[in-house]
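Predicted model and sequence follow; I will ask about them next.
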Amino acid sequence: MVKIKLATVWLGGCSGCHMSFLDLDEWLFELASQVDLVYSPLADIKTYPAGVDVALVEGAIANQEHLDMIHQVRDRTQFLISFGDCAVTGNVTAIRNVFGPSKSAESVLNRAYLEADVQPKLPQGDLVPTLLDQVIPVHQVIPVDCYLPGCPPNAERIRAVLEPLLQGKQPELTGPELIRFG
């Protein structure tokens with residue numbers, strides 16, 4: 001049996017989607033027998049490989065590293081899933097967009113490092129990746145094959161997407177339990 005090469009990616013978000021992935025509980029054993037986890041913060045693999053069959057991408061694109069990473073993921077992945085509300089809409093990660101496109105990144109850095117810190121000082125060098133002016137959902141940068149909403153999506157939704165893919169079928173999320181945001 002040829003195993004599916006599965007990747008999970010964490011961009012700008014809280015990691016709640018990955019925590020929900022772990023809520024698959026006993027089904028994780030069945031999943032593990034059918035996939036090779038080739039990239040994930042859960043496995044601490046540093047380099048995104050070529051030839052990935054399925055990728056779950058959590059989080060919005062908030063900085064230059066995310067932007068570079070999402071292009072690499074799309075180039076090297078056959079089926080890409082926008083995983084959770086931040087990846088699908090920007091959600092909480094995009095709250096900083098209310099500052100407006102020209103001041104968003106600067107305003108966020110000033111608030112975090114100057115206004116809200118007891119020892120105000122902006123970080124120097126590459127301690128903080130270069131922020132984009134606006135936080136954007138994944139589909140505004142690259143094509144997405146499947147949207148998996150939820151903040152975070154529960155284990156039932158995650159399984160409803162992965163199980164058909166393991167059988168060589170396209171996932172179809174229908175009904176309020178599987179397509180509701182939040």
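Right, received. Where do you want to start?

Quick check, central residue of the protein?
Glu58 (1.4 Å; Cα atoms, centre = their mean).

Got phi/psi on that one?
Main-chain dihedrals, Glu58, degrees, to the nearest 10: phi -90, psi 140.

Contacts only, for it.
Thr8, Val9, Trp10, Leu11, Gly13, Ser15, Cys17, His18, Phe83, Gly84, Cys86, Ala87 (Cβ atoms under 8 Å, 6 or more residues apart in numbering). Heads up, the C-betas are built off the backbone N, CA and C, glycines and all.

Can you give me the distance of it to Gly168?
Glu58 sits 24 Å away from Gly168, taking Cβ to Cβ, to the nearest Å as the criterion.

re earlier: could you report the pLDDT at the residue nearest to the centre of the chain?
pLDDT, Glu58: 98.

what do you get for Leu173?
78.

I'd assumed Val161 was in contact with it.
Yes: in this structure Leu173 lies within contact range of Val161 using Cβ atoms under 8 Å: 6.9 Å.

shared neighbours of these two, anything?
Common neighbours of Leu173 and Val161 (Cβ under 8 Å, 6+ apart) are Cys146, Leu148.

Pick out whichever of the two has more residues nearby.
Legend: neighbour count by other Cβ atoms under 10 Å for Leu173 and Val161, higher for Val161 (22 against 16).

What are the phi and psi values at that one?
Residue torsions, per degrees, to the nearest 10, at Val161 are phi -90, psi -40.

so what's the closest residue to it other than its chain neighbours up against?
Using Cβ to Cβ, 6 or more residues apart in numbering and skipping residues adjacent in sequence, the residue nearest Val161 is Pro171, 4.4 Å away. Applying Cβ under 8 Å, 6+ apart, we find Pro171 in contact with Cys146, Ala160, Val161, Leu162, Glu163, Pro164, Leu165.
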